[in-house]
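Colleague: Only the shape, not the letters, is given here:
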């Protein structure tokens, strides 16, 4: 109540008071001849004592060490989060705490994967990773709109309903906030949910559950509950989708405080290995898939199970004159631009980030230190995007190695153009070429 009936009339309040479960329970018990007043007084007194004891205990409990608060946030702390912890400790005059390997996200070298390979589309590669996770852990389940019988709007979950059944392949109503919220409860109960959001733009209605609950629950419960949830969604354009079908929401999720990882691969091989890592992690993950690449087939995808480390970038192309940092569908755009630039005598190094949170600062800075020039490419709007974060970090840590100001190639701060208007929004390789030529002039 706010003290006055601002939101509803007194009559409406009276109608709902008649439905109040406490009042109804009191009447039910009284009708059975029970001492409702005595029971209620006893419950109130017990509750009051329990609350007072809890408050007294809290007031007399010293603050936990700063490092334990950080370690409650994520199962595996990223290098950046560890650096932020140590900076806070130094500023507070505290001793910096070493982080043990079991609490650290170790971004090692990508393993050499041997054995049979095959040509796969992005859809087939993702399906393979999901199939392996479902087979290995009975508490892994998939929920979302049309993920079961239909096999997903892009058929990423095709065949899994027949193999694992309706109790693990859950077709849900069209309610993204309900889907993500259900995953929270499932994770608390010990499951490992995989949430499918049909398009990245549709995830906005589930934003509260993803950012305020999934990303924060381990911190909120001081590590008592993990959130091993993977939230899959297509992102970006290239398919003439209607409004909301081509949004690129990655910066929203990368900005979220808490233990949420954000992954955005560009090709089938990386997608399979990165999804396998996300499915095996006890930290939650937003996994964005470049919708334009869903049915592009790539040779050399390992058939057997493998994992690609979260947080490790890939050097997609070696070069010495300029560094282009991209992810998702923008990697292919950058590669096309690099071919044009090569004919003009410009050697381009392309870094495929693959993971956006935590992103591989070391690989990017090493490349910029070699080339002295930087261009960042992404399909999301330019303002407040990942490009700004990457450039800011490079300027902080290696700005003296740059020969010219960095450049961003991204979408305008506009809604992605739908359907047949989509060419207005697509980032053409020529824009990347122009940006590279600009940074090469200085």
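Modeller: Nice, I can see it. All figures in this text were calculated on a predicted structure; none of them were measured in a lab.
Colleague: Can you mark which positions in the helix or strand encompassing residue 363 are buried?
Modeller: Following DSSP states H and E, one finds residue 363 within helix 361-371. Under the neighbour-count criterion of 16 or more other Cβ atoms under 10 Å, helix 361-371 has 361, 363-365, 367-368, 371 buried. C-beta here means a position set from N, CA and C on the backbone, and glycine is covered the same way.
Colleague: What strands flank the next helix or strand after it, and is each parallel or antiparallel?
Modeller: Once helix 361-371 ends, the next helix or strand along the chain (criterion: DSSP H and E) is strand 374-381. According to DSSP bridges, strand 374-381 has the following sheet partners: strand 322-326 (parallel), strand 407-411 (parallel).
Colleague: Any regions of the stretch 301-442 of the chain where pLDDT drops low?
Modeller: Within the stretch 301-442 of the chain, the set of residues satisfying pLDDT under 70 comprises 442.
Colleague: What are the boundaries of the strands in it?
Modeller: 314-317, 322-326, 348-352, 355-357, 374-381, 407-411 (DSSP state E, counting those that start in this stretch).
Colleague: most tightly surrounded among the ones you listed?
Modeller: strand 322-326 (a mean of 30; mean count of other Cβ atoms under 10 Å).
Colleague: okay if I get the strands paired with strand 374-381 as JSON lines plus distance to residue 13?
Modeller: Listed next are these as JSON lines, based on distance: least, Cβ to Cβ, whole Å:
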{"stretch": "strand 322-326", "distance to residue 13": "57"}
{"stretch": "strand 407-411", "distance to residue 13": "49"}
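Colleague: Counting neighbours, what do you get for the residue lying closest to residue 432 once chain neighbours are set aside?
Modeller: Once flanking residues are discounted, residue 432 sits nearest to residue 337: 3.7 Å by Cβ to Cβ, 6 or more residues apart in numbering. Residue 337 sits with 28 neighbouring residues when counted by other Cβ atoms under 10 Å.
Colleague: wait, isn't residue 337 in contact with residue 427?
Modeller: No: applying Cβ atoms under 8 Å as the test, residue 337 and residue 427 come out as separate, 9.7 Å apart.
Colleague: Looking at the strands paired with strand 374-381, which is nearest to residue 199?
Modeller: strand 407-411 (16.0 Å; Cβ to Cβ).
Colleague: Quick check: pLDDT value at residue 3.
Modeller: You'll see residue 3 listed with a pLDDT of 53.
Colleague: Over to the one 4 residues further on?
Modeller: With respect to pLDDT, residue 7 scores 67.
Colleague: do the same with residue 263
Modeller: 98.
Colleague: same thing with residue 114?
Modeller: 87.
Colleague: Just the buried residues of the helix ranked longest in the chain, please?
Modeller: Of all the segments of type helix in the chain, defined by DSSP state H, the longest one is helix 36-59. For helix 36-59, the neighbour count (16+ other Cβ under 10 Å) marks residue 36 as buried.
Colleague: C-terminal to that helix, what's the next element?
Modeller: Assigned by DSSP H and E, the successor of helix 36-59 is helix 66-73.
Colleague: helices or strands up against that following helix?
Modeller: helix 79-91, helix 217-220 (3 or more Cβ pairs under 8 Å, 6 or more residues apart in numbering; DSSP states H and E).
Colleague: Residues in contact with the last one: which ones?
Modeller: What that stands for is helix 217-220. For helix 217-220, contacts defined as Cβ atoms under 8 Å, 6 or more residues apart in numbering pick out 69, 72-75, 184, 187-188, 225-227, 258-259, 283.
Colleague: switch the cut-off to 10 Å
Modeller: 69-75, 184, 187-188, 212-213, 223-227, 229, 257-259, 282-284 (Cβ atoms under 10 Å, 6 or more residues apart in numbering).
Colleague: Let's see which of these end up in helices.
Modeller: 69-73, 184, 187-188.
Colleague: which one among the residues you listed gets closest to residue 62?
Modeller: Nearest to residue 62 among the ones in helices among the contacts of helix 217-220: residue 69, at 12.8 Å, using Cβ to Cβ.
Colleague: With residue 63 as the reference, measure out to that closest one.
Modeller: 9 Å (Cβ to Cβ, to the nearest Å).
Colleague: try residue 93
Modeller: In terms of Cβ to Cβ, residue 93 sits 15 Å off from residue 63.
Colleague: go on, residue 54?
Modeller: 17 Å.
Colleague: try residue 177
Modeller: Applying Cβ to Cβ to residue 177 and residue 63 gives a distance of 34 Å.
Colleague: Between the two, which has more neighbouring residues?
Modeller: residue 177 (15 against 7).
Colleague: Apart from its chain neighbours, what residue comes closest to that one?
Modeller: Residue 177 sits nearest to residue 206 (Cβ to Cβ, 6+ apart), 4.7 Å away.
Colleague: Backbone dihedrals for the one you found, both of them.
Modeller: phi -100, psi 10 (degrees, to the nearest 10).
Colleague: What is the burial count for it?
Modeller: That count, for residue 206 with other Cβ under 10 Å as the rule, works out to 22.
Colleague: Could I get the contacting residues of it?
Modeller: Residue 206 touches 175-181, 183, 195, 197, 214, 231, 233, counting by Cβ under 10 Å, 6+ apart.
Colleague: Just to check, residue 300 is in contact with residue 125?
Modeller: No: if you go by Cβ atoms under 10 Å, residue 300 and residue 125 don't touch, sitting 11.3 Å apart.
Colleague: Quick one: list the elements packing against the helix holding residue 363.
Modeller: With contacts defined as 3 or more Cβ pairs under 10 Å, 6 or more residues apart in numbering; DSSP states H and E, helix 361-371 has these neighbours: helix 79-91, strand 314-317, strand 322-326, strand 348-352, strand 374-381, helix 386-398.
Colleague: What average pLDDT does the first one get?
Modeller: This points to helix 79-91. 95.
Colleague: and the closest residue to residue 359 other than its chain neighbours, how far is that from residue 240?
Modeller: Take residue 359 and drop its neighbours on the chain: the residue closest to it by Cβ to Cβ, 6+ apart is residue 353, 5.3 Å away. For residue 353, the distance to residue 240 equals 26 Å [Cβ to Cβ].
Colleague: Now for the closest residue to residue 237 other than its chain neighbours: which residues touch it?
Modeller: Sequence neighbours aside, residue 246 is the residue nearest to residue 237 in space, at 4.0 Å (criterion: Cβ to Cβ, 6+ apart). Residues counted as contacts of residue 246 (Cβ under 10 Å, 6+ apart) are 199-201, 234-240, 291-292, 379, 411, 415-419, 422, 425-426.
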